[in-house]
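Undergrad: mind looking at a prediction? Sequence and model below.
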Amino acid sequence: MVINDKLNLTMLCDFYELTMSQGYFSTGYCNRITYFDLFFRRCPDGGGFAIAAGLEQIVQYIQDLHFSQEDIAYLRSRNMFSEEFLNYLANFRFTGDIWAVPEGTPVFPREPILTVRAPAIQAQLIETYLLLCVNHQSLIATKANRIARAAEGRTVLEFGSRRAQGADAAILGARAAYIGGCHGTACTISDQIFGVRAGGTMAHAWVQMFDTEYEAFKAYAEMYPDNATLLVDTYNTLHSGIPNAIRVFNEVLKPRGITKCGIRLDSGDLAYLTRKARAMLDEAGWTECKITVSNSLDEYIIRDILQQGAQIDVFGVGERLITARSEPVFGGVYKLVAVEKEDGTVTPKIKISENVEKITNPHHKKLYRFYGNDTGKAIADYLCVYDETVDDTQDMEIFDPDATWKTKTVYNFTAKELQVPIFRNGELVYKLPTLEEVRTYCLQQVDTLWEEVKRFDNPHTFYVDLSKKLWDIKYGLLKDNAK
């Protein structure tokens, strides 16, 4: 869904996409078929992998690509574009092909999350929005997955709307967080649009509004007896908050036979206070009462307080999730990797840099993931030229493309091609899964990774190997350009 349907998102592009497009138009490169890969170079937070997200919004964007009369009038007012080019834009639509890994797939540096095959202008104009979608949602989904894994099966809720950088970041961030492993959100509109279950309890203002904390708790419990989670840290958590919550549970819930209830802590030493709270609640007979905590949490704080014996059932995670505060840029890029001649010959292209990690993998490629048949675990990813196939009925030797003497024989494995067709000749050929299906798929795929790859600190490197043919092409181009 387009968040603000008053905007034509076709115009959400860097201005040089338009000036370059006019250049392609005037030099005759308008219809040259090009191949672009969207990939990233480094996992956020020094992690071992990232989670691909944002494809659904890309699909909707591609289907709506057009320039309105107002857009054309604006471009004409810049006095930079010819009438011939503006007439071309007036009839613009996407006619190319797109392949992508499904949302929720664990992905690794330098492998294509998405590949575009399209005439030069079309491929160029969509660059900004494709990167925006993948960079933002992949970043949040990746952070959410780290936080959900730190919680070790406990419920994690996304609480960050008020700290997000704008409405789209809040709404789509809640979607991405759900994909990554969160169980729900505080963002009502994300529930309305995407079905990410929204919920909440009360603010400190509710407690302060009443003459006493007890009155505030009682009024809330009487109104929402089946969802009575009380915020106990407005005044004094142990001396008034929890005792008043227990009193209200006894007076309002117990006579109705309700045992489901909760308290929330938003400040203080969460490890210490939740241990004390659990003991007080259990002693009073409220053993089923859930303890929710919030307050600038992230995966490291969650891990630490659980190691300290914190008694917590639910984590509400806000600003450090919705902004990915520890590393708020995903760093995805979009690079030309091949051009296609009129006879159908695909010519590889490479970007070379003094910074080695910025050297691209050329050519139109396939991306495989190898899974061990005995363990179900992912062994390695494998990039090859588009016309190559992998025979997983035979043992296969793969090698580290950066240290070619490091080899590994893969046996008893299944090779799965990760990218799937999304658009063909401008027509959608992919059935978008439901958000629930994406989330389930994500958690299943993360479970195929070895624990060493999932470590927060110094994770094991998951190798993305090149086929011998692709390696030869890449290093042949490097040698040719070094002359």
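TA: Yep, it's here.
Undergrad: the residue nearest to Asn412 when sequence neighbours are not counted and Thr414, how far apart?
TA: Closest residue in space to Asn412, ignoring its immediate chain neighbours: Asn373 at 4.8 Å, by CB to CB, 6 or more residues apart in numbering. Using the backbone N, CA and C atoms, a C-beta is placed for each residue, glycine as well. Shown here: Asn373 relative to Thr414, a distance of 6 Å by CB to CB, to the nearest Å.
Undergrad: can you name the element that comes right after the longest helix along the chain?
TA: The helix of greatest length in the chain, counted in residues with DSSP state H as the criterion, is given as helix 127-150. Downstream of helix 127-150, the next assigned helix or strand under DSSP states H and E is strand 155-158.
Undergrad: give me the contact list for that following strand.
TA: Contacts with strand 155-158, where a contact means CB atoms under 8 Å, 6 or more residues apart in numbering, come from 144, 147-148, 173-174, 177-178, 181-187, 196, 199, 313-318, 321-322.
Undergrad: just the buried residues out of those, in ChimeraX syntax.
TA: Entered in ChimeraX, the line below selects the buried ones among the contacts of strand 155-158, by 16 or more other CB atoms under 10 Å:
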select :144,147,148,173,174,177,178,181,182,183,184,185,186,187,196,313,314,315,316,317,318,321,322
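Undergrad: hmm, back to that, run a quick neighbour tally on the residue nearest to Asn412.
TA: Residue neighbour count, defined by other CB atoms under 10 Å, stands at 10 for Asn373.
Undergrad: you'd agree it is up against Ala415?
TA: No - taking CB atoms under 8 Å as the contact criterion, Asn373 and Ala415 are not neighbours in contact, 10.9 Å apart.
Undergrad: any idea which residue sits dead centre in this protein?
TA: Closest residue to the average C-alpha location of the chain: Ser138 at 2.4 Å, with CA atoms, centre = their mean.
Undergrad: gap between that residue and Gly241?
TA: When Ser138 is compared with Gly241 (using CB to CB), they lie 39 Å apart.
Undergrad: nearest spatial neighbour of Lys399, chain-adjacent residues omitted?
TA: One correction, residue 399 is Phe, not Lys. With CB to CB, 6+ apart as the measure, Thr407 is the residue that lies nearest to Phe399, at 4.6 Å, once sequence neighbours are left out.
Undergrad: that's a strand at the one you found, yeah?
TA: Yes - with DSSP: H, G, I helix; E, B strand; the rest coil as the criterion, Thr407 is located in a strand.
Undergrad: OK, contacts around it?
TA: Per CB under 8 Å, 6+ apart, neighbours of Thr407: 397-400.
Undergrad: swap in 7 Å and give it another go.
TA: Applying CB atoms under 7 Å, 6 or more residues apart in numbering, one finds that Thr407 lies in contact with 397-399.
Undergrad: filter the residues you listed down to the buried ones and hand me the PyMOL line.
TA: Command for PyMOL, covering only those of the contacts of Thr407 found buried under the criterion 16+ other CB under 10 Å:
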select buried, resi 398+399
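Undergrad: nearest to Leu281 among the contacts of Thr407?
TA: Using CB to CB, Ile398 is the member of these that lies nearest Leu281, at 54.5 Å.
Undergrad: can you name every helix or strand that the helix or strand containing that closest one contacts?
TA: When secondary structure is defined using DSSP H and E, the element that contains Ile398 is strand 396-400. With contacts defined as 3 or more CB pairs under 7 Å, 6 or more residues apart in numbering; DSSP states H and E, the packing partners of strand 396-400 are strand 403-410, strand 464-466.
Undergrad: and those: which comes nearest Gln208?
TA: So among those, strand 464-466 is nearest, using CB to CB, at 54.2 Å.
Undergrad: I'd like the distance from that closest one to the chain centre, please.
TA: Relative to the centre of its chain, strand 464-466 is centred 23 Å away, using CA atoms, centre = their mean, to the nearest Å.
Undergrad: same check on stretch 194-204?
TA: The chain centroid and the centroid of stretch 194-204 are separated by 21 Å under CA atoms, centre = their mean.
Undergrad: what comes up buried for it?
TA: Using 16+ other CB under 10 Å as the burial criterion, the residues of stretch 194-204 that qualify are 194, 196, 198, 200-202.
Undergrad: again with stretch 426-434
TA: Residues 426, 430, 433 are the ones in stretch 426-434 that count as buried (16+ other CB under 10 Å).
Undergrad: same thing with stretch 52-59?
TA: In terms of neighbour count (16+ other CB under 10 Å), stretch 52-59 has its buried residues at 52-59.
Undergrad: would you check which pair of the residues you listed lies furthest apart?
TA: Set against one another by CB to CB, those have their most distant pair in Ala52 and Val59, with a gap of 13.7 Å.
Undergrad: rewinding a little: of all the buried residues of stretch 52-59, which comes closest to Glu152?
TA: The shortest separation between Glu152 and any of those is 22.8 Å, and it belongs to Ala53 (by CB to CB).
Undergrad: isn't the closest one up against Ala176?
TA: Yes - with contact taken as CB atoms under 7 Å, Ala53 and Ala176 are classed as touching, separated by 4.8 Å.
Undergrad: for those two, list the residues in contact with both.
TA: Taking CB under 7 Å, 6+ apart as the contact rule, Ala53 and Ala176 both touch 137, 141.
Undergrad: quick one: the helices in the stretch 101-250 of the chain, in order.
TA: The residue ranges that make up the helices of the stretch 101-250 of the chain, judged by DSSP state H, counting those that start in this stretch, are 120-125, 127-150, 167-180, 188-194, 204-209, 213-223, 242-248.
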